[in-house]
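Peer 1: I need the structure of the sequence given here:
(one chain, ligands or ions: 1)
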Amino acid sequence: MAGLLIIETVEELKDVLFRIRSNGKSIGFVPTMGALHDGHLSLIKRAHDETEVVVCSIFVNPTQFNQMSDLESYPKTPEQDIAKIEEYVDIVFMPTQAEIYPEPPSEKFDFGQLEKVMEGTSRPGHFNGVATIVKRLFDWINPDKAYFGEKDFQQLAIIRQLVKDNNLDVQIVACPIVRESNGLAMSSRNRRLTPEQFVLAGNIARILEASTRITPCTVQNVKEFVNNELGKYPDFRLDYFEIADENTLQPVADFNGHDGVMGCVAIYLGDVRLIDNIRYK
Ligand code: PAF
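Peer 2: Below is the predicted model of the structure:
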């Protein structure tokens, strides 16, 4: 496509994409909430490599925030966002809240056990909000492929379930976590950390990484190690550290008997909530 198109209404979005699809072009979609960083850029570049037309949405979705203060303090940097991605994106969808939610949304999703652990427990309603916006965006954009980061590992599982439950014709592409130079998983929330907190936050990834080398490597040993190490930093307020089956996300007692096992952590540093994960198997 020639030049970047910035679209604010659903009607125009559907219209433009209808024409693109009629011309037989494949569509790659990267949903975001803005404050874009190199993690987002990795998704966008991958979409650019794999599909003919790339759509990126920038919308801070209020229905997935279970705390008003988190929504209000969520960074908003639209000009910088566009400058960062314009080389790789054809369409940026930047709607207002009223455009997406002309009426209060009433969608209710049931993801069973998948949403009864970790983020689902700590942030009630969060995944219903994520599913609400992602389903609407998928319906309007109808992408061939949609790109999500593995940092939000549980979100990825929820999206895959959403696609399955609704028989959606979109391929979900999972992209690896992109990290800062100190190992901290990139996140839009990182820019709310003070320089001291940023340095401190690098220990999360370091501890997770070290926990993959524990011997003997049992679930109990790994848990003890991670909890002890994190406990050495009084500024960390641990929300959870779980060792979970990569597909069901249910806690495991043993590494054996599972195809893949992940360690997932959520920590508050000041009022900034950070999540990260690591693969044990
Ligand atoms: O991962 C995010 O940034 C958001 O949860 C998403 C997928 C854009 C939905 O608002």
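Peer 1: any idea how far the ligand is from Leu184?
Peer 2: Applying C-beta to the nearest ligand atom, to the nearest Å, the value for Leu184 to the ligand is 17 Å. C-betas here are computed from N, CA, C, even on glycine.
Peer 1: which residues of this structure lie near the ligand?
Peer 2: Contact residues (C-beta under 6 Å from any ligand atom) of the chain with the ligand: Pro31, Thr32, Met33, Asn61, Gln64, Val130, Ile133, Val134, Asp152, Gln155.
Peer 1: looking at these, spot the one nearest Thr51.
Peer 2: Pro31 (14.4 Å; C-beta to C-beta).
Peer 1: re the thing from before, in a markdown table: the residues of the chain next to the ligand, plus pLDDT and secondary structure.
Peer 2: A markdown table is the format used below for the residues of the chain next to the ligand (pLDDT from 0 to 100; DSSP: H, G, I helix; E, B strand; the rest coil):
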| residue | pLDDT | secondary structure |
| --- | --- | --- |
| Pro31 | 98 | strand |
| Thr32 | 98 | strand |
| Met33 | 97 | coil |
| Asn61 | 97 | coil |
| Gln64 | 97 | helix |
| Val130 | 98 | helix |
| Ile133 | 98 | helix |
| Val134 | 98 | helix |
| Asp152 | 98 | coil |
| Gln155 | 98 | helix |
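Peer 1: what is the nearest of those residues to Glu11?
Peer 2: Nearest to Glu11 among those, counting by C-beta to C-beta, is Ile133 at 17.8 Å.
Peer 1: what's around Pro216, how many residues?
Peer 2: When neighbours are defined as other C-beta atoms under 10 Å, Pro216 has 6 of them.
Peer 1: likewise for Met1?
Peer 2: A count of nearby residues for Met1, using other C-beta under 10 Å, gives 13.
Peer 1: return the residues in contact with it.
Peer 2: Counting by C-beta atoms under 8 Å, 6 or more residues apart in numbering, Met1 touches Ile20, Val53, Asp90, Ile91.
Peer 1: surely the second one and Ala47 touch.
Peer 2: Looking back up the chat, that one is Val53. No - counting by C-beta atoms under 8 Å, Val53 does not reach Ala47; the two are 9.3 Å apart.
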